[in-house]
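Asks: I would like the atomic coordinates for the input below:
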Amino acid sequence: MRFIAALLILFTFMASGFAQEKKPVPVKFLEIDEEDTEIFISGMREFLRKLAASPKTTTGFVAIAHNVIERRKIAKDMVKGWPAVKDRVGFSLDGTHYNKGWENTEFWLVPKGAEQPYIPFTADCSCPTSSVVGEVETDKSQKELTFTGNVSGGAQDNPLTYHWVVAGGEIIRGQGTPSIIVVVRNSLVTSVTATLIIGGYDEDCMCSNTASFTTRVVR
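Replies: The predicted model follows:
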């Protein structure tokens, strides 16, 4: 009896392992990290052709990164032209991220019974509006220039940070604050550009975090 019981346990273990090995899994067909629309269209066409040749129990999943979300309409319009697969293609949702910092487009073949390629999470992104103001024009006799950054809207978990980069002049006060004082020491300079880089926002939201202003320097 003990021998038979041992055989049953061994058989159950082997059967369980075999079943796990045979569990269907999604297969990445193609990944595109190019922003070129023509490359995306070519990849989408290849994917639809492959899906049409796959068993009807296989579905397709296209994960489109939030930074190239305009591809969604192109992809959906292309699917309409493939009656054999138009009900078998799913897409990632607007505002959904599929890995931290992920910016590619991925094409997946998902057999029946396989799990989704990703478990999506939605990030609440609220980007700010930023600008820099200063004097439109100045002459070489003016000793100091003031540039001020204005930031409105948006939401962030951490306090905002301010970093300035100046071309054509030198920051003498205010680095790390919303406003700086700049001097022009080179008499050959014809313009001064101050660029504000704002920190503190979620990088996954892909918010624009720079703003610039240029002051002309005349004789």
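
Asks: contacts and neighbour counts: CA atoms only from here.
Replies: Fine.

Asks: quick one, helices of this protein?
Replies: Counting by DSSP state H, one finds helices in the chain at the ranges 2-22, 37-53, 71-80.

Asks: Which elements pack onto the second one?
Replies: For helix 37-53, the helices and strands in contact under the criterion 3 or more Cα pairs under 8 Å, 6 or more residues apart in numbering; DSSP states H and E are strand 27-32, helix 71-80, strand 105-110.

Asks: Can you give the distance of it from its chain's centre?
Replies: Averaging C-alpha positions (Cα atoms, centre = their mean, to the nearest Å) puts helix 37-53 22 Å from its chain's average.

Asks: Identify each buried residue in it, please.
Replies: By neighbour count, and taking 16 or more other Cα atoms under 10 Å as the criterion, the buried residues in helix 37-53 are 40, 43-45, 47-48, 51-52.

Asks: returning to that earlier point: looking at the helices and strands packed on helix 37-53, which is buried most?
Replies: Among those, strand 105-110 has the highest mean neighbour count (mean count of other Cα atoms under 10 Å), at a mean of 23.

Asks: Can you tell me the strand partners of that one and which way each runs?
Replies: Take DSSP bridges as the rule and strand 105-110 pairs in its sheet with strand 27-32 (antiparallel), strand 59-64 (antiparallel).

Asks: Now the last one: average pLDDT?
Replies: Strand 59-64 comes out with an average pLDDT of 87.

Asks: Taking helix 37-53 as reference, get the angle to that strand.
Replies: Here strand 59-64 runs at an angle of 170 degrees relative to helix 37-53 (axes from the mean of the first three to the mean of the last three Cα atoms, to 10 degrees).

Asks: Ok, the first one next?
Replies: Counting by the same axes, to 10 degrees, strand 27-32 lies at 170 degrees to helix 37-53.

Asks: Relative to residue 112, how far out is the nearest residue to residue 135 once chain neighbours are set aside?
Replies: In space, residue 135 comes closest to residue 215 once its chain neighbours are excluded; the distance is 5.8 Å by Cα to Cα, 6 or more residues apart in numbering. When Cα to Cα, to the nearest Å is applied, the distance between residue 215 and residue 112 equals 62 Å.

Asks: count of neighbours near the nearest residue to residue 145 once chain neighbours are set aside?
Replies: Distances taken as Cα to Cα, 6+ apart place residue 182 nearest to residue 145, at 5.0 Å, with adjacent residues excluded. The local packing count at residue 182 equals 20, with neighbours defined by other Cα atoms under 10 Å.

Asks: my guess is residue 182 meets residue 172, correct?
Replies: Yes: using Cα atoms under 8 Å, residue 182 is in contact with residue 172, at 5.8 Å.
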